[in-house]
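K.L.:
what follows is a predicted protein model with its sequence.
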Amino acid sequence: MEIKYSIVYSNRKTLSIIVERDRSVIVRAPQNTSEEIIAREIEKRKRLIQKKIAHNQKYPYEKQIKEFVSGESLMYLGENYKLLVVDENIENVVFDNKFFISKTNQAIANKLFKEWYIKSASEIVVPKAKSIAKQIGVEYNNINILDLKYRWGSCTPKDNLHFNWRLIKAPMTVIEYIIAHELTHLLESNHTPEFWNRVSTLLPNYDKAKQWLKENGHELETDF
């Protein structure tokens, strides 16, 4: 079976091959690495890559696509809520134990919901991060809610925190785990035993949140 992959060049010293959650293969390579060298590395590791692609913890091959019609179910903080498309003139998205949008906005519902989720994520993630940072005695520069393709969160070398807006669909315990995970990287850059000890001190049941993401993460990334 031919392995399809994309290449990301950067100022790194070594070549790495990553199988992402959606089963896509990403090659991270030093600048000026030839495609021939990359192809040889792919061939050399072909069996291992295929094994990772087929792993049952990767996301399903087929993504479910949401439709913005009445009765559709949308996730928010770990729960599924029904969508109602109404005749009334609603400017954006309204949430009150159900999601509401105006029929006149169905054509731009994807855009409106993404904006709503990003705003909601900011309102929840930012204060929670401030609280946990104060708890463990660390400081960061900025928090950004972004459209991250393959990560739930990241901590940059300049101490900026990036979080995937889709996290707002997950239960609060999962959101807290990702925030605690990234903040702990300000103390421990690698996933050492000390790193996980610190995370465990913050969230004794973090392993349950981690498992939830493995089992349900694909639901958060469902296309609208």
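P.N.:
Received it, and whenever you're ready, just let me know what you need.
K.L.:
what's the neighbour count on Ile101?
P.N.:
Here the number of neighbours of Ile101 (other Cβ atoms under 10 Å) works out to 23. For glycine as for every other residue, the C-beta is placed from the backbone atoms N, C-alpha and C.
K.L.:
what sits against it?
P.N.:
Residues near Ile101 by Cβ atoms under 8 Å, 6 or more residues apart in numbering: 68, 83-86, 90, 92-94, 109, 112-113.
K.L.:
can you rerun that using 7 Å?
P.N.:
Listed by Cβ atoms under 7 Å, 6 or more residues apart in numbering, the contact set of Ile101 reads 68, 85, 90, 93, 109, 112.
K.L.:
quick one, grab the pLDDT at the nearest residue to the first one once chain neighbours are set aside.
P.N.:
With Cβ to Cβ, 6 or more residues apart in numbering as the measure, Ala109 is the residue that lies nearest to Phe68, at 3.7 Å, once sequence neighbours are left out. Predicted confidence (pLDDT) for Ala109: 93.
K.L.:
now name the helix or strand holding Ala109.
P.N.:
Under the assignment given by DSSP states H and E, the secondary-structure element containing Ala109 is helix 109-136.
K.L.:
tell me the buried residues in that helix?
P.N.:
The neighbour-count check on helix 109-136 (16 or more other Cβ atoms under 10 Å) flags 109, 112-113, 116-118, 120-122, 124-126, 129, 132-133 as buried.
K.L.:
farthest-separated two in those?
P.N.:
The most widely separated members of the buried residues of helix 109-136 are Ala109 and Ala133, with 35.2 Å between them, by Cβ to Cβ.
K.L.:
and Ser6, bridged to which residues?
P.N.:
Applying DSSP bridges to Ser6 gives these bridge partners: Ile26.
K.L.:
count of residues packed around it?
P.N.:
Ser6: 8 surrounding residues under other Cβ under 10 Å.
K.L.:
the residue nearest to Phe68 against Glu67, yeah?
P.N.:
No: under the contact definition of Cβ atoms under 7 Å, Ala109 does not touch Glu67, with a separation of 9.1 Å.
K.L.:
please list all residues in contact with the spatially most central residue of the chain.
P.N.:
Computing the C-alpha centroid of the chain and ranking residues by Cα atoms, centre = their mean puts Trp152 first, at 2.9 Å. Contacts for Trp152 (Cβ under 7 Å, 6+ apart) come out as 164, 167, 178, 213.
K.L.:
ok, Asn197 to Leu187 distance?
P.N.:
Between Asn197 and Leu187 the computed distance is 11 Å (Cβ to Cβ, to the nearest Å).
K.L.:
ok, now Ala170?
P.N.:
Taking Cβ to Cβ as the measure, Ala170 falls 24 Å from Leu187.
K.L.:
neighbour count: the two, which is higher?
P.N.:
In this view Ala170 and Leu187 are compared by other Cβ under 10 Å, and Ala170 has more residues nearby, 25 against 12.
K.L.:
who's in contact with the more buried one?
P.N.:
Residues touching Ala170, when contacts are defined by Cβ under 7 Å, 6+ apart, comprise 78, 220.
K.L.:
name the element Leu74 belongs to?
P.N.:
Using DSSP H and E, the element containing Leu74 is strand 73-76.
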